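Trainee: sequence unknown, structure follows:
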């Protein structure tokens, strides 16, 4: 894991990003697991599934619909969740409605030339994603933006002299990803993504009468 005292060392090897997109995305499932909650193996996880109707939504990354592509497609997004809920009810799997992960999860998205640059394996709901986007949008010319570690993964984001640096990887090893980008451009995209995410989230809550995209408590 990168320590604060070694920031200079990893920042000097950061690779500048090419054309990038900072956004958030809704996970779009293509199937529903209908097996038991416990005592299952990988084969069961793949075998005990029923397909969902294909969503009429563009996915820049497989199974992830970016907020940039969703204005004007709110009805299709709601239709996906309506079909998912109906299938869960039909198979007696109402437990999937109890938390965002995995079927209602939302994640930050950082793409370079259409490909993910950074993973966010433990960011699953709207408040968590909005918190990261807010930190990016509010980042100043210098300082720490985000510093997190969780279950075999870490990410460290900071700004130095107007450049944003990101390191990500295994906390027990050297960072796998070390990149940089113009902080102002990231901030502008994060701010716009946050506004879209909040609007889409509010619309979904109105449609379904409950918040399926946020952890409770």
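Mentor: Cool, got the structure. Computed from a predicted model, the values in this text were never measured in an experiment. Numbers count the residues shown, from 1 in each chain.
Trainee: how about the helix or strand containing residue 189: buried residues?
Mentor: In this structure, residue 189 sits in helix 183-208 according to DSSP states H and E. Neighbour-count burial for helix 183-208 flags 183, 186-187, 189-194, 196-197, 200-201, 204, 208 (criterion: 16 or more other CB atoms under 10 Å). Backbone N, C-alpha and C define where each C-beta goes, glycine included.
Trainee: just the strands from the protein, written as ranges.
Mentor: Along the chain, counting by DSSP state E, strands occupy 15-16, 20-27, 31-33, 49-51, 64-66, 106-112, 115-116, 143-149, 154-160, 163-169, 177-182.
Trainee: helix or strand with the lowest mean pLDDT in the protein?
Mentor: helix 42-47 (a mean of 85; mean pLDDT, DSSP states H and E).
Trainee: list of residues touching that helix?
Mentor: If you take CB atoms under 8 Å, 6 or more residues apart in numbering as the criterion, helix 42-47 is touched by 33, 35.
Trainee: for residue 87, which of the strands of the chain is the nearest?
Mentor: Ranking the strands of the chain by proximity to residue 87 (CB to CB) places strand 31-33 first, at 5.3 Å.
Trainee: quick check: buried residues in that closest one?
Mentor: 32, 33.
Trainee: partners of it, with directions?
Mentor: Neighbouring strands of strand 31-33 in its sheet, by DSSP bridges, are strand 49-51 (antiparallel).
Trainee: re earlier: for the least confident helix or strand of the chain, what is the distance to the chain centroid?
Mentor: With CA atoms, centre = their mean, to the nearest Å as the basis, helix 42-47 stands 25 Å off its chain's centre.
Trainee: cool, and stretch 192-209?
Mentor: 15 Å.
Trainee: doesn't residue 17 make contact with residue 178?
Mentor: No - contact criterion CB atoms under 8 Å: residue 178 and residue 17 do not qualify, at 11.0 Å.
Trainee: give me the number of residues near the residue nearest to residue 35 when sequence neighbours are not counted?
Mentor: Leaving aside its sequence neighbours, residue 35 sits nearest to residue 48 (CB to CB, 6 or more residues apart in numbering; 3.2 Å). Residue 48: 14 surrounding residues under other CB atoms under 10 Å.
Trainee: so what's residue 48 up against?
Mentor: Residue 48 is in contact with 33, 34, 35, 40, counting by CB under 8 Å, 6+ apart.
Trainee: how about residue 185?
Mentor: residue 20.
Trainee: residue 140 versus that one, what's the distance?
Mentor: 15 Å (CB to CB, to the nearest Å).
Trainee: ditto for residue 176
Mentor: From residue 176 over to residue 140 (counting by CB to CB), the distance is 27 Å.
Trainee: okay, now the unreliable bits of this structure?
Mentor: Applying pLDDT under 70 to the chain flags residues 1-5, 217.
Trainee: can you do 90?
Mentor: Applying pLDDT under 90 to the chain flags residues 1-9, 36-46, 121-122, 150-152, 171-176, 216-217.
Trainee: roughly how far does residue 76 sit from residue 201?
Mentor: Distance from residue 76 to residue 201, by CB to CB: 16 Å.
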